[in-house]
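Enquirer: for reference, the sequence and a predicted model appear below.
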Amino acid sequence: MQLSVTGTPDSIQRFIAVLSQRLLGADVHGIKQLAEAEGKLYNRISGLLTTTVIIVLLLTSLCVMAGMSNVAMERKK
């Protein structure tokens, strides 16, 4: 059986201890390493996407500014 429990690490450890006491014949343990690895991967992907969005917005604003400057210079002539 697999359970998904949310909370702080201390509360999860207490929950695991309570389960292991109540289910005497069962092997009760947490899979914290997998959750931490998923969290790190999510943080990396999120950071990469945020950086990409910022770069795209910066380049788009530069292109719009260049186009507007070109229109303004053509009207001056």
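Expert: Great, that's in hand.
Enquirer: how about residue 29, phi and psi?
Expert: Backbone torsions of residue 29, given as degrees, to the nearest 10, read phi -150, psi 160.
Enquirer: wait, I meant residue 40
Expert: Summarising the backbone geometry of residue 40 under the convention degrees, to the nearest 10, its torsions are phi -60, psi -40.
Enquirer: going forward, the N-terminal residue is numbered 773.
Expert: Noted, 773 is the first residue going forward, which turns the last one into residue 812.
Enquirer: pLDDT score assigned to it?
Expert: We have a pLDDT of 84 for residue 812.
Enquirer: what helix or strand is residue 798 on?
Expert: Using DSSP states H and E, residue 798 falls within no helix or strand.
Enquirer: check the secondary structure at the residue nearest to residue 791 when sequence neighbours are not counted for me.
Expert: Counting by Cβ to Cβ, 6 or more residues apart in numbering, residue 800 is the residue found nearest to residue 791 once chain neighbours are left out, at 4.7 Å. Where C-beta positions appear, they are placed from N, C-alpha and C, glycine not excepted. When states are read from DSSP: H, G, I helix; E, B strand; the rest coil, the local structure at residue 800 comes out as coil.
Enquirer: quick one: residue 800 and residue 818, what's the gap?
Expert: Distance of residue 800 to residue 818, computed by Cβ to Cβ, to the nearest Å: 32 Å.
Enquirer: and these two? which has more neighbours close in?
Expert: For the pair residue 800 and residue 818, the greater number of neighbours falls to residue 800 (16 against 10), based on other Cβ atoms under 10 Å.
Enquirer: understood, closing this out.
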